[in-house]
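Q: Return atomic coordinates for the entry below.
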Amino acid sequence: MLVTLTFTFLRIVVFLLGMSIVIGTFISALRTFVLPRSAPGFISRTVFIGVRFLFDLRLKTQSTFAARDRTLELYAPTTLIALLVAWLLCIQIGYIGMYWAVDMQFWYDLFKISGSSLLTLGFTLVDNLPTTILVFSEATIGLILIAILISYLPTIYGAFSRREEAVTMLEVRAGSPPSAVEMIERYSRLQRLHLLNEEIWTPWEVWFVNIEESHTSLAVLSFFRSPQPQRSWITAAGAVLDAASMVLAAVDIPRDTHADLCIRAGYLSLRYIATFFGIPHNANPSAQDPISVTRAEFDAALDRLAASKVPLKADREQAWRDFAGWRVNYDTVLLALAELV
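A: Residues are numbered from 1 along each chain as shown. This next block holds a predicted model:
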């Protein structure tokens with residue numbers, strides 16, 4: 001009698017454990033692709049890290065940027081496929097446990113029943129009501145998971161296209177790779193410094209808002225690389241933020257507060273994305289905190305602008321303090337995200 005009760009208890013525990021795995025996996029899929037907010041799940045995070053580890057092993061054997069770029073261009077698509085496989089595998093493991101608790105067949109037979117149901121192959125038949133109910137529920141979940149991934153691929157590529165449109169247009173204004181100094185030089189040479197708000201600050205403020213929403217709700221977007229190796233959404237973001245900071249700090253033109261708003265939108269966006277990926281950063285940095293740009297690099301940039309006849313403010317010391325005060329807001333997260341992607 002005791003043995004029977006113990007075995008019955010074991011079957012209940014296995015059934016509940018299997019059901020928990022299935023429910024947890026399904027919720028992970030919903031949080032990853034359906035929930036319109038940043039909500040990283042254990043399965044998706046594990047898959048991203050695991051696949052990245054394999055790619056990093058490959059990168060250790062490559063020394064050129066071109067070779068590394070060709071390798072990493074496959075990271076995001078591979079992760080999407082691996083994520084679907086992980087979901088399906090977890091669903092199958094969970095249902096094998098539930099089938100065993102209900103039907104008590106051999107594990108190999110349960111594996112065939114679960115696989116046949118999950119992939120809707122239909123080559124394995126069952127002849128009792130509880131197992132039949134489980135079979136239909138597993139087939140439904142399998143179809144939903146595959147449909148979710150397929151239906152959200154256009155969403156992912158739509159957001160990617162919108163992101164890259166602005167990145168590509170920036171090449172016209174800031175070169176490739178994009179440079180804040182080259183952007184300011186070009187606008188000055190074309191006598192369009194007064195159009196920076198209309199053509200850069202306001203459009204890129206909107207761009208920063210969009211990538212914050214898309215790159216946290218659809219995290220895989222961060223790892224989709226631009227069509228051209230020398231383009232990148234993160235280097236484009238850095239070039240625009242540096243250009244706005246340098247214009248506010250050092251270029252002698254009427255102050256445009258839209259540049260302030262663009263910088264704020266930028267560093268808030270990058271901080272939210274960094275928080276999503278668990279990258280530590282100071283949310284309230286001091287203007288005196290160190291930045292990765294040195295004073296010598298800043299002076300060299302101003303010398304280049306002066307040689308291009310860009311109107312500059314006379315007080316370089318104050319210009320450096322102002323630039324550093326802006327840059328400190330996004331310096332850490334910009335470099336960390338650049339390293340990540």
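
Q: Return the set of buried residues in stretch 318-334.
A: 319-320, 322-334 (16 or more other CB atoms under 10 Å). Bear in mind the C-beta positions are built from the backbone N, C-alpha and C, glycine included.

Q: farthest pair in those?
A: Maximum pairwise distance in the buried residues of stretch 318-334, criterion CB to CB, is 23.5 Å, between 319 and 333.

Q: Tell me which of the buried residues of stretch 318-334 fall in helices.
A: Using DSSP state H, 319, 320, 322, 323, 324, 325, 326, 327, 331, 332, 333, 334 are the members of the buried residues of stretch 318-334 that sit in helices.

Q: Find the nearest non-adjacent residue to the fourth one, please.
A: Spelled out, it's residue 323. Excluding its sequence neighbours, the residue lying closest to residue 323 (CB to CB, 6 or more residues apart in numbering) is residue 249, at 3.9 Å.

Q: for the last one, same thing?
A: Excluding the flanking residues, the one nearest residue 334 by CB to CB, 6+ apart is residue 238, at 5.1 Å.

Q: Read off the pLDDT value for the one you found.
A: At residue 238, the predicted lDDT confidence score is 95.

Q: for it, what are its contacts?
A: Residue 238 makes contact with 178, 330, 334, 338, according to CB atoms under 8 Å, 6 or more residues apart in numbering.

Q: Now for the last one, which secondary structure element holds it?
A: If you go by DSSP states H and E, residue 338 is part of helix 331-340.

Q: Run through who's touching that helix.
A: Surrounding helix 331-340, the residues in contact under the criterion CB under 8 Å, 6+ apart are 222, 232, 234-235, 237-238, 241, 267, 270-271, 273-274, 277, 279, 281-282, 285, 291-293.

Q: how many other residues sit next to residue 234?
A: Per other CB atoms under 10 Å, the neighbour tally for residue 234 reads 21.

Q: Would you mind writing the CA trace of the helix or strand where it lies as PDB?
A: Using DSSP H and E, residue 234 falls within helix 233-250. C-alpha atoms of helix 233-250 as PDB (Å, rounded to 0.1, in the frame of the first residue of the first chain):
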ATOM      1  CA  TRP A 233      23.700  51.300 -35.400                       C
ATOM      2  CA  ILE A 234      25.800  51.800 -32.300                       C
ATOM      3  CA  THR A 235      28.700  53.700 -34.000                       C
ATOM      4  CA  ALA A 236      26.100  55.800 -35.800                       C
ATOM      5  CA  ALA A 237      24.500  56.600 -32.400                       C
ATOM      6  CA  GLY A 238      27.900  57.600 -31.000                       C
ATOM      7  CA  ALA A 239      28.700  59.800 -33.900                       C
ATOM      8  CA  VAL A 240      25.400  61.700 -33.600                       C
ATOM      9  CA  LEU A 241      25.800  62.100 -29.800                       C
ATOM     10  CA  ASP A 242      29.400  63.300 -30.200                       C
ATOM     11  CA  ALA A 243      28.400  65.700 -32.900                       C
ATOM     12  CA  ALA A 244      25.700  67.200 -30.800                       C
ATOM     13  CA  SER A 245      28.000  67.400 -27.800                       C
ATOM     14  CA  MET A 246      30.800  69.100 -29.800                       C
ATOM     15  CA  VAL A 247      28.400  71.600 -31.400                       C
ATOM     16  CA  LEU A 248      27.000  72.600 -28.000                       C
ATOM     17  CA  ALA A 249      30.400  72.800 -26.400                       C
ATOM     18  CA  ALA A 250      32.700  74.200 -29.100                       C
END
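
Q: what sits up against the helix or strand following that helix?
A: Next along the chain after helix 233-250, taking DSSP H and E as the criterion, comes helix 257-276. For helix 257-276, contacts defined as CB under 8 Å, 6+ apart pick out 38, 40, 196-197, 200-202, 204-205, 208-209, 211-212, 215-216, 219, 222, 237, 240-241, 244-245, 247-248, 281, 283, 326, 329-330, 333-334, 336-337.

Q: Buried ones from those, can you make that a PyMOL selection?
A: Selecting only the buried entries of the contacts of helix 257-276 in PyMOL, with 16+ other CB under 10 Å as the criterion:
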select buried, resi 38+40+196+197+200+201+202+204+205+208+211+212+215+216+219+222+237+240+241+244+245+247+248+281+326+329+330+333+334+336+337
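
Q: now the top helix by length along the chain and helix 233-250, what's the angle there?
A: Assignment by DSSP H gives helix 129-174 as the longest helix of the chain. Here helix 129-174 runs at an angle of 40 degrees relative to helix 233-250 (axes from the mean of the first three to the mean of the last three CA atoms, to 10 degrees).
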